[in-house]
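Undergrad: Requesting a structural model of the entry that follows:
(chains A, B, C and D)
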Amino acid sequence: MLNLGHAPVLIVVVLLLAAFIIPLLGKRQGVVNAVFLGAGAAAFIMSLSMTMRVLAEGTLHYPVGGWAAPYGIVVLVDVFAAYSSLVLAMVALIISWFAVYGPREVRHNGVYFTLILLLTAAMQGMVMAGDLFNLFVFIEISSLAAIAIIAIKGTKESVEASFRYLVLSALGSGGVLFSIALIFMITGHLNMEYIRTTLIVTAEQYPLNLLTSIGLMVVGFGVKAALFPMHVWLPDAHSNAPTASSALLSGLVVKVYIIALMRIAYLALGLEIFALLPIRHLFLALSTGALMVGSVFAMVQDNAKRLLAFSTVTQVGYIFLGFGLFSPRAIEGGVLHILNHAVMKSLLFLAAGVIIHQTGIKKLSQFNGLGRKMPLTFAAFTVGAMSMVGIPGTAGFISKLYIALGALDADMLVFAVLILVSSLLNAAYYFPIIISAFFGKDSEKEAVEPRLAMLAPILVLALMVFFFGLFPSLMVPLVQQTALLFVR
Amino acid sequence: MQTTSVAVILPVMVPLLLAAVIYAVERRSWRLRNSLSVMAALASFLLVVQHYRTIMADTTIVANFPQLLPPLGVSFRLDYLGFFVATVVSFVWLLVTIYSTAYMVKEHAKNRYYPFSVLTLAGAMGVILSGDLITFFLFFEVMSLSAYVLIIHEETAVAMRAGYRYLILTIIGGLSLLFSVIAVFQQAGRVSFTPGGLPLEITALTFLAFLGFLVGFGIKAGMVPLHIWLPEAHPVAPSPASALLSGLMLKTGAFGLIRVTYQIFGLEMMQIVMWRDQLQLLAAITIFLGSAVAITQDDIKRRLAYSSVGQMGYILLGVGLLTERALIGAIFHIFAHAFMKSSLFLAAGAIIYSTGKRRVSEWVGLGRKMPITMSVFTVAALSMVGVPPLVGFVSKWELALGALDAGSVAYVLLLLLSSLMNFIYYFPLIQNAFFGEGVAHAAQAKTRRDNLPLAMLAPMVALAAVILLIDLLPYNFALELAERATYSLFTTAR
Amino acid sequence: MLSLDLLLLVPILLPLCGAALVFLLRAHRRLQEVVVVSTAFLTLGAVAAVYHVNPGHRLELIFIHLVDFGLSFRPTHLGALFALISAGIGALVSLYAMSYMRSSHSQTRFSSFLLVSLSGCLGVFLAGDYFTLFLFFEIMTFAAYPLVIHDEDDEAMRAGDSYLYMGVTGGLVLLFGILLLVWSAGTADIVPVLDRLQGGAVNPYLIAIIFLIGFGVKAGLIPLHVWIPHAYPVAPAPATALLAGVMGKTGFYGILSVLAVTLSSSLPSQEVSALPINIGFALIWVALLTILGGAVMALLQNNVKRLLAYSSISQMGYVMLAVGCAAYLGAKGGLPYTAAVFHAFNHAVLKAGLFIMMGSVYLRTGSLELSKLGGMAKVLPLTALATLVATLSVIGVPGLSGFGSKKLIQYGIDKAAAYHGEPVLAWVGPLFMLGSVLTVTYLIKLYYGVFLGSYRGRGFSAAKEGSIIPAVLAAFAGGIVAIGLFPERVINMMARSATATAVDFGMMAEQLGAVKLWTASSYIAGVIPVALGVVVFLAARRYRFGTGPVPCWLSVEALLYRPVTQGFLRFCCNYVTRVEGGLCDLYDRGGSVSHSVFRRVKKFDDMLGEGYETAQRTTSLVVEQARGLEQGLGQAYDSVGQAAEDITRRIRNEAAGDNGAAGQRPEMWNPQNVTLGSLVVAAVMLMVLLVLYTVGSRIWQ
Amino acid sequence: MVIIERLYMNIYYLVAVILFIIGFHTMLTHNNLLKKIMGMNIMDTSLFLFFVAIGYIHGGQAPILREGVMQYVNPVPSALILTGIVISVSFTAFALALVVLLHKQYGTLDADKIIALRSKRHA
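TA: Numbering: from 1, shown residues only, chains lettered A, B, ... in the order given. Have a look, this model is predicted:
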């Protein structure tokens, strides 16, 4: 029996171990698959049990190797971390399944799996890290792995896009590291909780350092999380990656940086300091831009995956909007949107990938009539799109509802309207696709439904969209406590 | 009185599940598909009607699911108003579905039509039985989006364009509804339909919420100037679908407006802030414009669609007048117009089905060829005009008295003018069909009379029979229910 | 329990059932005819029973739940009387129709709708409240439509349109009045409610005028008469007989109920209201207009039926004149009231009879143009005789039915002129006389044109009259003579109907007692118009007046209704449709505007890229410039340092010479004021800006 | 004199910032991919310097417990920087690998030309 008390570390360790084992297994595909999926499943189970425990017992401090803070490395699992970890493990598991059974777009599956596992491990580590430097290390690992799973497709575009991603990612990392250094300079600590206690005293002495640090941090994470207008790398990177990678990147990787930023915000800096600075308004302004411009950019795309990538820009804007509004309900909405967007964007990317794989059509303008030939896939795509638009009963509706409610709570009516307008814009680019797919004239292309194993993750995700749309109450305790962390 | 019973959700859930079942089985057997579709409507109807005794004992049945969609929670509610409208909707739906089993034989993509028809039914029933705004909104969207599939059924370029326009407007309407729901929730902390209204302050936000509702429901109900999807969408849809859209789906907009007016904002507030003036004005414009434009249309379904616009104006006016009798008129007109417009569309559909004649000017002599169909059409049309013993008269009567109660003689005149206009655009049709020199000529061509399947004739005749006879029954339960619904809305308001 | 009250339903339901039976029996011609005739006569019997029972036992039947407001039947004596007349005429007409319509098409339709309209009429007369009245009024209106357009040629269809549009409009106006009445009085029952209306929210004058308009359409008051000259001529003779004899009376009955019952006070002690007086006064003039207008128009006609149609309008004017006098006189109006009822009764019989007689002519000749007729007295002696009787009766020759009623009306006019001392009313008598003269003239024209002289047509159809038609004609003629011979009886019957209404006509008996019908002066008074009429006719014949086509400027329709209707429709068709189109346009334009906005945003996207590029270029430029600046600064510092050294040296030198100026060192830029921290911060901020502006550098766009 | 002293005291920070900006600028504005990677390295190096400078104390000794040594340099940054260097190296290696791939596929290392090639292919 696993001792699940060590779950916080075990999740990372298991994933990392599996990542290193897989290359050793050579060409035994069955075993590789089993290890790959097994690690994901194990991570999911542990994450689930960990979440239960956090809910029951409150925040977990797990000193790695028994060394206590401030000297040892501490894994700090609060509700937000547990929630994030759960989302990551869950969605990553489904995408992993797709990576195994989906269309094969990579030459070496083993290497690919290793990278995915590395990425997942790094992300898990990132959301649970208790000190800044560990966080940084995980950021770097995940960046590297994320770049790699784009480049692994090996086409010209993907290599080029991944290099661009690399450069900007390095820039972001540089900014983050610089800001960590500045904080360390002020406080002398890297452990987030200690930073906060120290910072209360020293913040007033070094206001400029702190300001610089936070500015750099926002810019650094902003680049990585594709916050408008620092999103320029995202469309190419996400649309040129293998399908599973696209889903991972858009669904999880982008969001993990937001989670990290938020954790630093409330764990290390303390909200008093955060609230002093115009960061909130920066978030609001930038997310407004994202909501509007992302949708409009998406509207003019003809490449399915590029459209989805631009849509991600918008959706990231939603999450930032939720945090920027800073009323409890808005934060709940933002936090929920992390989950919901992970589910629906993965769904959309996987469905798009399957469609492209089965038909070879990448252009939306040629999707006409495909819906009748691949009803299940397109039904799933429709579900995802509806969720994006915010049709009630789907997951996307819930988070939009919460954010809009939060906007009113924060006395910012204009953002409630903004969300609705953006929903309309979303509808304006998603619905024509669906309509032409189901009701358009038949194209000559032959198309059939993929085999069940390939379809399964898509259907599961579609069901999850409905599930989280109708029963968000499952996540609500976590989300509410998370909001309390912020607004405490 | 209030009782809690989960049975309230059955009329919604059964069609919802059956829609899935139909999708699953339709490839195997079309008989099963058709009978399941009819069963879904029938089940809905029976499941609603079974509560008759409970409802008539002044009891409201509720079912709450607070764990769904927190923080708002999903709830269902069956009161007089809901019961009345639900009965009407499910009954007409049943008849139209029976009709469509025969009508759709000539159409393509039947496997798509039936599940979506049943899904739309589920949505409509959900709208009617919802106990709070968020549930309402949820099913409203379900209904609107599945209705899209019915509208574009033909998949011609025209249909697609009309459908797109419908879709865009529907989404705009849905979003403005959502905005209002959010605004109401933010102000009052809950969005359940509460007798007498929620405790809302009169603020700019509340007004915006009202506007949002007006836009959201106005789009669905075809209120001018938000009606423009309606005359586009109805002609292109297959006739049973038009009957459903025009006869039933539009009503959900008006129904929502009633709910919002009396159970969200509350009578007192509506009276204080004078929003009713705007509502009344819009309704008046709707009545006039709908009737006037209908006169100029040559396509029968377009004419009927514009007529729907005008008739929905009656209901909106009845809601906006804020008097008891006007509301009775409005609620009763929901029932009356559902039956009248459905039978008109079904009759028009039967004529298009067997002759292919869509243009009004081509209907010469049809009264001889298809006497039953045209009789149904005539009865419904006369009822629209407001000829006394027919059902349309009663709502007009109550509405006019309500308008007088509100002190607006002008609206009475408008109602009468609109009746005259109704007559002007329906009468030439009937006249062409039954009388005139061309008729004798047409009658010479020997054709079998009413060459229609029974499944098409029977529902039309049933609808016409209700139109003709309901007011002559010794106990007019429709009116009784409308009155009770109104009193329940009013007494709790005080 | 079967109650006697249920008797009321029989006359209404019986024709309806008969109609249904006729419809079912459409394969059996003979049986159909039997059903129609027997239904009509059974109905007559039922109505007679009602009439018989009613005075003693006030029949009342109420269905609370029917049609929302509830239906009630509570015939007044007047109502029962008119129901009896209608049923009688209906029976005769149905009998006649069997023979008349034998060779026509669509007999089933004609017969069944004949019965339905009859039912509607009876419903109107037996109704206990305006709501029920309105219901049957509408049934009647719609049911008569197929009768009007029976021939289905263009002319008939146009006439039918005119009839139905007017009828529906009138119905809606009536509905408006009823609504106002119900709302302000709280009841639709035909009971006196004037005191409840006064001081209410709705002006009772408004209600009265609206009712007058609503019923006036059916009654044919000028200017609401326009449908009559269209509809009467085109309908088959039995239908016209029913229209003129029965349906026109429903309008009269309605007006009478409104003026004599509803708009009278239920509290006798109260001050007499000015309302009935004023309305009555107005009605008198409208009625005069109707009399004269109808007569003149009749004179101008060359079609027999059209002539009779205008005659009908004119005669209804007489009736209305009496009604106006009755209202004007208020409680003393018993005499004109009786006169009105009597004349209405007479007119019903006469006009129905005349139309039927002309129908017989039509059956033989196939034409009713005066220019194509003549000399029919030889061909149809019986018809000629009957027509003569009827014509003379209309003229008012003593010994025939019209004489008594006209006499009574004259008495009423005199009373009215004397009553309130309104000098204008003195003109009514002479104008009335003029009307009589014109009546005589056009009737002579009619009779002369049809029966005298020589036949100008193309020959006769072979249709045999059979035995039924002469019998019906004889019945009508006999009736006319009978009434004419015993007017007192009939007058008493009418007077009873007047007293049986809610209004208390106190001096009725007294007034009627004062009426002397059988005196020499009244004979002379009856003969004068005849003589004048003959003179006028001869004069007109001499100058060929009234033989040409009717000038179109005399038509109210062309002057008023058509422009208004067309204007309204044009408004609907053009402007509203344009508004509608504009709305659609607006939306489309909104769509295209948003599209262009999206395109702009796309352009903005491109511009953003360019912006990044420009920023990057600017940055390079700034860096270049900064470098130059730095060099310049360095040189400047150098030179400044040089200069400072020079100065220092000079100062020192001077200090060596002059110690006094040592304390006054110039204030210089103090490097200690700049902390390192701020330098670092400035650099970092610059970097942040750099990040923002150069993130998407030129390469990576 | 004070400013020079201050500059001297903070010379590491200053140099680190200057290096950072140089690296940053190189990374963004240079077309040659290799130069970009160099810029990245310069930037990383500047950060290492910065970190180590934070931990460095004038006159401090290596943090090894010995007799008579009172001042130690803070060991944490140094330890961290070891990790940082590893990361930097792996990033560089990976970037170089990508550059090789790019060169193989496009035949050039000029970013502008790569873009031009790519869009030509698209067109």
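
Undergrad: Now do the SS call for the closest residue to chain D within chain B.
TA: Closest contact between chain B and chain D, by CB to the nearest CB, is at residue B:164 (29.7 Å). Every residue, glycine included, has its C-beta placed from N, CA and C. Secondary structure of residue B:164, reduced to three states by DSSP: H, G, I helix; E, B strand; the rest coil: helix.

Undergrad: Wait, it touches residue A:435, no?
TA: Yes - checked against CB atoms under 8 Å, the pair residue B:164 and residue A:435 is within contact range at 7.1 Å.

Undergrad: ok, now which ones touch residue 41?
TA: The chain I'm using is chain A. residue A:93 (CB atoms under 8 Å, 6 or more residues apart in numbering or on different chains).

Undergrad: my bad, chain D
TA: Residues touching residue D:41, when contacts are defined by CB under 8 Å, 6+ apart, comprise D:23, D:88, D:92.

Undergrad: now, which of those residues lie within strands?
TA: Restricting these to those inside strands, with DSSP state E as the criterion, leaves an empty set.

Undergrad: ok, and the most crowded of those residues?
TA: The most crowded member of the contacts of residue D:41 is residue D:23, carrying 24 neighbours; neighbours defined as other CB atoms under 10 Å in any protein chain shown.

Undergrad: count of neighbours near the closest residue to that one other than its chain neighbours?
TA: Spatially, and ignoring its direct neighbours in sequence, residue D:23 is nearest to residue D:43 (3.0 Å; CB to CB, 6 or more residues apart in numbering or on different chains). When neighbours are defined as other CB under 10 Å, residue D:43 has 27 of them.

Undergrad: Touching, residue D:43 and residue D:24? I think so.
TA: Yes - counting by CB under 8 Å, residue D:24 is a contact partner of residue D:43 at 5.9 Å.

Undergrad: OK, contacts around the residue of the stretch 201-350 of chain C found nearest chain B?
TA: The stretch 201-350 of chain C approaches chain B most closely through residue C:201 (7.1 Å), counting by CB to the nearest CB. Residues touching residue C:201, when contacts are defined by CB under 8 Å, 6+ apart, comprise B:407, C:183, C:184.

Undergrad: The first one in helix, strand or coil?
TA: Just to be clear, that refers to residue B:407. coil.

Undergrad: phi, psi of the residue positioned nearest the centre of chain A?
TA: Geometric centre of chain A, nearest residue: residue A:252, 2.5 Å, by CA atoms, centre = their mean. For residue A:252, the backbone dihedrals (degrees, to the nearest 10) come out as phi -120, psi -50.

Undergrad: So it is in contact with residue A:93, correct?
TA: No - in this structure, residue A:252 is not within contact of residue A:93 by CB under 8 Å, at 11.3 Å.

Undergrad: Dump whatever helix or strand residue C:440 lives in to CSV, keeping only the CA atoms.
TA: For residue C:440, the element it lies in under DSSP states H and E is helix C:428-451. Once non-C-alpha atoms are left out, helix C:428-451 reads as follows in CSV (Å, rounded to 0.1, in the frame of the first residue of the first chain):
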residue,chain,number,x,y,z
VAL,C,428,-89.2,68.4,-40.1
GLY,C,429,-92.8,68.1,-41.2
PRO,C,430,-92.4,69.7,-44.6
LEU,C,431,-89.2,67.7,-45.3
PHE,C,432,-91.0,64.6,-44.3
MET,C,433,-93.7,65.5,-46.8
LEU,C,434,-91.0,66.0,-49.4
GLY,C,435,-89.7,62.6,-48.7
SER,C,436,-93.2,61.1,-49.2
VAL,C,437,-93.5,62.9,-52.5
LEU,C,438,-90.2,61.5,-53.7
THR,C,439,-91.2,58.1,-52.5
VAL,C,440,-94.3,58.2,-54.5
THR,C,441,-92.3,59.3,-57.5
TYR,C,442,-89.8,56.5,-57.5
LEU,C,443,-92.4,53.9,-56.8
ILE,C,444,-94.4,55.1,-59.8
LYS,C,445,-91.2,54.9,-61.8
LEU,C,446,-90.7,51.4,-60.6
TYR,C,447,-94.2,50.2,-61.2
TYR,C,448,-94.6,52.0,-64.5
GLY,C,449,-91.3,50.7,-65.7
VAL,C,450,-91.9,47.1,-64.8
PHE,C,451,-95.5,46.4,-65.3
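
Undergrad: Would you mark the buried spots in it?
TA: Residues of helix C:428-451 classed as buried: C:428, C:431-447, C:449-451 (neighbour count, 16 or more other CB atoms under 10 Å in any protein chain shown).

Undergrad: swap in stretch C:25-32?
TA: Of the residues in stretch C:25-32, C:25, C:32 count as buried by neighbour count, 16+ other CB under 10 Å.

Undergrad: Show me the contact partners of it.
TA: With CB under 8 Å, 6+ apart as the test, stretch C:25-32 has contacts from C:22, C:35, C:107, C:108, C:111.

Undergrad: for stretch C:128-137, same thing?
TA: For stretch C:128-137, with CB under 8 Å, 6+ apart as the criterion, the contacting residues are B:388-389, C:12, C:60-62, C:67, C:69-75, C:119-124, C:127, C:171, C:174-175, C:178, C:181-182, C:187-190, C:218, C:250, C:254, C:257, C:262.

Undergrad: Strands - which of those residues land there?
TA: Residues of the contacts of stretch C:128-137 located in strands (DSSP E): C:61, C:62, C:71, C:72, C:73.

Undergrad: For stretch C:97-117, buried residues please.
TA: Buried residues in stretch C:97-117, defined by neighbour count with 16+ other CB under 10 Å: C:97-101, C:106-117.

Undergrad: model confidence over that stretch, on average?
TA: For stretch C:97-117, the mean pLDDT works out to 84.

Undergrad: Would you mind writing the CA trace of that stretch as PDB?
TA: What follows is the C-alpha trace of stretch C:97-117 in PDB, where atoms were taken according to Å, rounded to 0.1, in the frame of the first residue of the first chain:
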ATOM      1  CA  ALA C  97     -86.600  30.200 -51.900                       C
ATOM      2  CA  MET C  98     -87.300  26.500 -52.500                       C
ATOM      3  CA  SER C  99     -89.000  27.400 -55.700                       C
ATOM      4  CA  TYR C 100     -86.800  30.300 -56.600                       C
ATOM      5  CA  MET C 101     -83.500  28.600 -56.100                       C
ATOM      6  CA  ARG C 102     -84.400  25.300 -57.700                       C
ATOM      7  CA  SER C 103     -82.200  25.900 -60.700                       C
ATOM      8  CA  SER C 104     -79.400  27.600 -58.900                       C
ATOM      9  CA  HIS C 105     -76.000  26.200 -57.900                       C
ATOM     10  CA  SER C 106     -74.900  25.600 -54.400                       C
ATOM     11  CA  GLN C 107     -78.300  25.200 -53.000                       C
ATOM     12  CA  THR C 108     -77.000  23.400 -49.900                       C
ATOM     13  CA  ARG C 109     -74.900  26.400 -49.000                       C
ATOM     14  CA  PHE C 110     -77.700  28.800 -49.600                       C
ATOM     15  CA  SER C 111     -80.200  26.900 -47.600                       C
ATOM     16  CA  SER C 112     -78.000  26.200 -44.600                       C
ATOM     17  CA  PHE C 113     -76.700  29.700 -44.400                       C
ATOM     18  CA  LEU C 114     -80.200  31.000 -44.700                       C
ATOM     19  CA  LEU C 115     -81.200  29.100 -41.700                       C
ATOM     20  CA  VAL C 116     -78.100  30.100 -39.800                       C
ATOM     21  CA  SER C 117     -78.700  33.800 -40.500                       C
END
